[in-house]
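**Student:** Sequence and predicted model, in that order:
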2 protein chains.
Amino acid sequence: MDKVLGIIAGGGDLPHAIAQSVAQSGRKVHVLALRGIADESWIAEFSHDWMGIGELGRSLKLLAAVGARDMILVGQVDRPTFSEIKLDARGAMMLPSLLAAARKGDDALLKAISDFYAREGFAVLTATEAAPGLVMGEGPLGKLKPNADHEEDIRRAFAIIGALGPLDVGQAVIVCEGLPLCVEAAEGTDAMIARIGTLRKNLRGTPEKKRGVLAKGLKATQDRKTDLPVIGVKTIRGVHEAGLAGIALEAGASLIVDKQAVAAEADRLGLFITGVVP
Amino acid sequence: MDKVLGIIAGGGDLPHAIAQSVAQSGRKVHVLALRGIADESWIAEFSHDWMGIGELGRSLKLLAAVGARDMILVGQVDRPTFSEIKLDARGAMMLPSLLAAARKGDDALLKAISDFYAREGFAVLTATEAAPGLVMGEGPLGKLKPNADHEEDIRRAFAIIGALGPLDVGQAVIVCEGLPLCVEAAEGTDAMIARIGTLRKNLRGTPEKKRGVLAKGLKATQDRKTDLPVIGVKTIRGVHEAGLAGIALEAGASLIVDKQAVAAEADRLGLFITGVVP
């Protein structure tokens, strides 16, 4: 565990949270920040290089230069327009198989990239392996718990996630008193949560009178190495504004960026966050 | 077939289309228009009464008064706020079982209401029985056909509809080149189609360069008597503006309000509409 961990960092808060968590555990990290995708605000805190998304050959050299043999791919990468990517020689060689994988879905694309590094001899870690402190456990985080109605909505939401998972859809679902209100596809969880506000008022709650549950789980097609459901303080605020009563996450397969801050914000706003084994 | 058909009419274009289709076939209709829900613009074309949604006892008397023993429940009814409904005695008696059914989902609620009329001795017809001329058949409506890529997206979309159906979700899905973009839950098909415009441009098409398919099917929980997927000219225009290439409907289990106008508009805008057996 004293060797360098290479972190290929996409967008969002998760790469930063993982780099912090790993560094705090005493392990060195080297971040390969994806140009135009990773959030510039935190990269300079760590040993790093910037790289283009098509520079696969260069990424191998950069990881070798710092002696990293363990690595992780983490963060959001919007599906690129392949014709606009600047490719190095290895990137160009991989392009046909990446295009074929992309055709099968985002999960297949991520897995193809992960497999590329595994074939090059890297141990590709999961986020839960690299940063176990971020993993959501079973039961409530914070002071509030779901009531019996919420438990029923949670069961229904995970039934939907379970049915959709093999089809590469539906990491997140909102159910309110038995009625499925929103199913996430390509729009992202934040956009799905915001959509609640456009539904008729009798179908949903309000910040004052909260109703319904956001559930996030792992798709059956999803590669645990590269992509896990993740929430942070922003998610809690969005869920509050949408009038939902709380959040249910798949225990052991979801990540929380800053557990303390998330629990405190949920307590302050009167929301539950609970980890369940579907 | 010379007896009066009672039509309890909710919102949207479908009740009007069915009343027209039945009347054109030579059968008398009597419309019970749901106050505040049915569209006022067309009701006066037919023999009719207005009724409140909680006046179940009154509806039985009104149907008896015109000699209707066959009936159909048709059109959108937003899930009501039960506490605000004015109930007559029969409505009040039915309320507990309707509340219990509502808890299980919209489909269960509709079925409970349909069963109420069946127990009172009515033959509750399906929309396809009452107005067979509106039913989508197999194969293309209009001049254009899906290409091989569209066929693949259609298969994927119906796989999603099939997986979600038993859970009372997902009558409509949008898939674009292998990627599921939108899954309908409580927001309605028009709102789901409009959402396409908020997705990143490389995920979707444009009216000039169309990509992706809207698929609508029948949920496994859905009662064919009361609720079928339906499209009209407005749907065609929404699909065009969203940059989709066409629409796939479940053959024999979807309705088209004004087939001629819909086919002409699809031809004009360069969209396919096809009926498939999933």
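**Tutor:** Great, that's in hand.
**Student:** where does A:Pro278 land on pLDDT?
**Tutor:** Looking at A:Pro278, its pLDDT is 83.
**Student:** got the CA coordinates for stretch A:151-169 in CSV?
**Tutor:** Below are the C-alpha coordinates for stretch A:151-169, written out as CSV (Å, rounded to 0.1, in the frame of the first residue of the first chain):
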residue,chain,number,x,y,z
GLU,A,151,-39.7,1.6,3.4
GLU,A,152,-42.4,0.5,1.0
ASP,A,153,-41.4,3.2,-1.5
ILE,A,154,-37.8,2.1,-1.2
ARG,A,155,-38.7,-1.5,-1.9
ARG,A,156,-40.6,-0.4,-5.0
ALA,A,157,-37.8,1.8,-6.2
PHE,A,158,-35.2,-0.9,-5.9
ALA,A,159,-37.5,-3.3,-7.7
ILE,A,160,-37.5,-0.9,-10.6
ILE,A,161,-33.7,-0.4,-10.5
GLY,A,162,-33.4,-4.2,-10.4
ALA,A,163,-35.6,-4.7,-13.5
LEU,A,164,-33.8,-2.0,-15.5
GLY,A,165,-30.2,-2.7,-14.5
PRO,A,166,-29.6,-5.5,-17.0
LEU,A,167,-30.7,-3.0,-19.7
ASP,A,168,-28.2,-0.4,-18.7
VAL,A,169,-30.8,2.1,-17.5
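**Student:** now it, how far from the centre of its chain.
**Tutor:** 17 Å (CA atoms, centre = their mean, to the nearest Å).
**Student:** is that stretch anywhere near chain B?
**Tutor:** Yes - contact of stretch A:151-169 with chain B (CB under 8 Å from any CB of the partner chain) involves A:156, A:159-160, A:163-164, A:166-169. For every residue, glycine as well, the C-beta is placed using N, CA and C.
**Student:** Counting neighbours, which of these end up buried?
**Tutor:** Buried subset of these (neighbour count, 16 or more other CB atoms under 10 Å in any protein chain shown): A:156, A:159-160, A:163-164, A:167-169.
**Student:** and the least confident of the residues you listed?
**Tutor:** The minimum pLDDT among those falls on A:Asp168, with 76.
**Student:** show me the contacts for that one.
**Tutor:** A:104-108, A:219, A:221, B:180 (CB atoms under 8 Å, 6 or more residues apart in numbering or on different chains).
**Student:** Would you agree A:Arg156 is in contact with A:Leu181?
**Tutor:** No - the pair A:Arg156 and A:Leu181 does not pass the contact test of CB atoms under 8 Å, sitting 11.0 Å apart.
**Student:** shared neighbours of those two, anything?
**Tutor:** With CB under 8 Å, 6+ apart as the test, A:Arg156 and A:Leu181 both reach A:Val175.
**Student:** how close does the residue lying farthest from the centre of chain A get to chain B?
**Tutor:** Farthest-out residue of chain A from its mean C-alpha position, per CA atoms, centre = their mean: A:Asn202, at 31.4 Å. Counting by CB to the nearest CB, to the nearest Å, the gap from A:Asn202 to chain B is 4 Å.
**Student:** Enumerate the residues of the stretch 51-200 of chain A near chain B.
**Tutor:** A:78-81, A:102-106, A:156, A:159-160, A:163-164, A:166-170, A:173-174, A:177-187, A:191, A:195, A:198-200.
**Student:** element containing the nearest residue to A:Arg200 once chain neighbours are set aside, please.
**Tutor:** Among residues not flanking A:Arg200 along the chain, B:Asp78 sits closest, at 5.9 Å (CB to CB, 6 or more residues apart in numbering or on different chains). Assigned by DSSP states H and E, B:Asp78 belongs to neither a helix nor a strand.
**Student:** three-state assignment of A:Gly26?
**Tutor:** coil (DSSP: H, G, I helix; E, B strand; the rest coil).
**Student:** before we move on, the earlier item: show me the contacts of A:Asp168 that map onto helices.
**Tutor:** Of the positions in the contacts of A:Asp168, A:104, A:106-108 sit in helices, assigned by DSSP state H.
**Student:** List just the nearest of the residues you listed to A:Lys3.
**Tutor:** Of all the ones in helices among the contacts of A:Asp168, A:Lys3 sits closest to A:Asp107, with 28.5 Å by CB to CB.
**Student:** any idea how far chain B is from that closest one?
**Tutor:** 11 Å.
**Student:** Make sure that residue is actually in contact with A:Lys219.
**Tutor:** Yes - counting by CB under 8 Å, A:Lys219 is a contact partner of A:Asp107 at 6.7 Å.
**Student:** between those two, who's got more neighbours?
**Tutor:** A:Lys219 (21 against 18; other CB atoms under 10 Å in any protein chain shown).
**Student:** Does that one touch A:Ala163 like I think?
**Tutor:** No - counting by CB under 8 Å, A:Lys219 stays clear of A:Ala163, with 10.8 Å between them.
**Student:** what residues are shared contacts of those two?
**Tutor:** In contact with both A:Lys219 and A:Ala163: A:Gly170, using CB under 8 Å, 6+ apart.
**Student:** if we can go back for a sec, may I ask which of the contacts of A:Asp168 has the most neighbours?
**Tutor:** Going by other CB under 10 Å, B:Pro180 tops those with 26 neighbours.
**Student:** which stretches of the stretch 151-278 of chain A aren't confidently modelled?
**Tutor:** A:220-227 (pLDDT under 70).
**Student:** what sits against the residue farthest from the centre of chain A?
**Tutor:** B:78-81.
**Student:** Also A:Ala264?
**Tutor:** So A:Ala264 contacts A:Gly142 (CB under 8 Å, 6+ apart).
**Student:** I'd like to know how far it sits from B:Ile160.
**Tutor:** Separation of A:Ala264 from B:Ile160 (CB to CB, to the nearest Å): 38 Å.
**Student:** Just to be sure, A:Val173 is in a strand?
**Tutor:** Yes - per three-state DSSP, A:Val173 lies within a strand segment.
**Student:** who touches it in this structure?
**Tutor:** So A:Val173 contacts A:157, A:160-161, A:180, A:182-184, A:214-215, B:185 (CB under 8 Å, 6+ apart).
**Student:** partner residues bridging it?
**Tutor:** A:Val183, A:Ala215 (DSSP bridges).
**Student:** Please narrow the residues of stretch A:151-169 next to chain B to those residing in helices.
**Tutor:** Per DSSP H, the residues of stretch A:151-169 next to chain B map to helices at A:156, A:159-160, A:163-164.
**Student:** where along chain A do the helices fall?
**Tutor:** A:14-24, A:40-43, A:56-65, A:89-104, A:106-119, A:127-130, A:148-164, A:189-195, A:233-241, A:259-269.
**Student:** So for B:Lys61, which of those helices sits nearest?
**Tutor:** Of all the helices of chain A, helix A:148-164 comes closest under CB to CB, at 37.6 Å.
**Student:** by contact count, what packs against that closest one?
**Tutor:** Counting contacts by 3 or more CB pairs under 8 Å, 6 or more residues apart in numbering or on different chains; DSSP states H and E, helix A:148-164 packs against strand A:172-176, strand A:179-183, strand A:213-216, strand A:246-250, strand A:272-276, helix B:148-164.
**Student:** Count the neighbours of A:Cys112 for me.
**Tutor:** Actually, residue A:112 is Ala rather than Cys. 18.
**Student:** Now do the closest residue to it other than its chain neighbours against chain B, distance only.
**Tutor:** Leaving aside its sequence neighbours, A:Ala112 sits nearest to A:Ala101 (CB to CB, 6+ apart; 3.7 Å). Look at A:Ala101 and chain B: by CB to the nearest CB, they are 10 Å apart.
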